[in-house]
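K.L.:
Show me how the following folds:
(one chain, ligands or ions: 1)
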Amino acid sequence: MSSIHIIYASTSGHTEYVVNVLTAVLRQHGHAVTLTRAEAAKPENLQKGDVLLLGSGTWNTGGTEGQLNPHMHALLFERATNVSLQGKRVGLISLGDERYSLSHDIGHIRMLEEAEDSRNVFLE
Ligand SMILES: Cc1cc2nc3c(=O)[nH]c(=O)nc-3n(C[C@H](O)[C@H](O)[C@H](O)COP(=O)(O)O)c2cc1C
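P.N.:
Take a look at the predicted model:
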């Protein structure tokens, strides 16, 4: 059994739905799951649990496609820039829409890879 902490941002509820389904399945398998919305997360919440799952939709806020949800962006790239996740097991829940020319698997993951580079996070 692992303790899994999920931090997620969701504007129209899609990521929240996925996170809630995943939480129910993980609990059925005996894992201890806690949830925090990105806008309410403290920087140190990123270190909580054996495993951290980050969930975010992809947005074109400000005109550029492929950005993180603004709340996840603010947490990872503004409030928590000094938090080290070295050695942390991290998983990603990434939502997007293939109608956008920059699909989420390019734009979104690229941004999270930047977070990995800057903080030595191991993405799984
Ligand atoms: C205004 C708006 C902008 C969006 N921009 C992008 C985008 O740039 N790239 C992308 O892949 N998906 C984009 N999407 C699709 C969202 O990522 C998708 O609907 C996602 O499921 C939203 O998740 P959420 O409801 O958890 O916030 C956009 C959706 C909206 C409504």
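K.L.:
And the residue lying closest to Gly30 once chain neighbours are set aside, what's its pLDDT?
P.N.:
Spatial nearest neighbour of Gly30, excluding adjacent residues (Cβ to Cβ, 6 or more residues apart in numbering): Met1 at 4.8 Å. (Glycine included, C-beta is placed from N, CA and C.) Met1 is assigned 84 on the pLDDT scale.
K.L.:
Now do the contacts for Met1.
P.N.:
Gly30, His31, Ala32 (Cβ atoms under 8 Å, 6 or more residues apart in numbering).
K.L.:
what does Ile7 give?
P.N.:
Contacts of Ile7 by Cβ under 8 Å, 6+ apart are 35-38, 41, 45-46, 52-55, 72, 75.
K.L.:
What values do phi and psi take at it?
P.N.:
When read as degrees, to the nearest 10, the backbone of Ile7 gives phi -110, psi 130.
K.L.:
Show me what the most centrally placed residue in the chain is bridged to.
P.N.:
In the chain, the residue lying closest to the centroid (Cα atoms, centre = their mean) is Leu54, at 2.1 Å. Counting by DSSP bridges, Leu54 is bridged to Ile7, Leu92.
K.L.:
That one and the ligand, how far apart?
P.N.:
Distance, Leu54 to the ligand, by Cβ to the nearest ligand atom, to the nearest Å: 13 Å.
K.L.:
likewise Ile93?
P.N.:
From Ile93 to the ligand the distance is 9 Å (Cβ to the nearest ligand atom).
K.L.:
before we move on, what about Ser2?
P.N.:
24 Å.
K.L.:
For that residue, grab the count of nearby residues.
P.N.:
13 (other Cβ atoms under 10 Å).
K.L.:
How about the one 4 residues further on?
P.N.:
For Ile6, the neighbour count with other Cβ under 10 Å is 23.
K.L.:
Was I right to think it contacts Leu53?
P.N.:
Yes: at 4.4 Å, Ile6 counts as touching Leu53 under the criterion of Cβ atoms under 8 Å.
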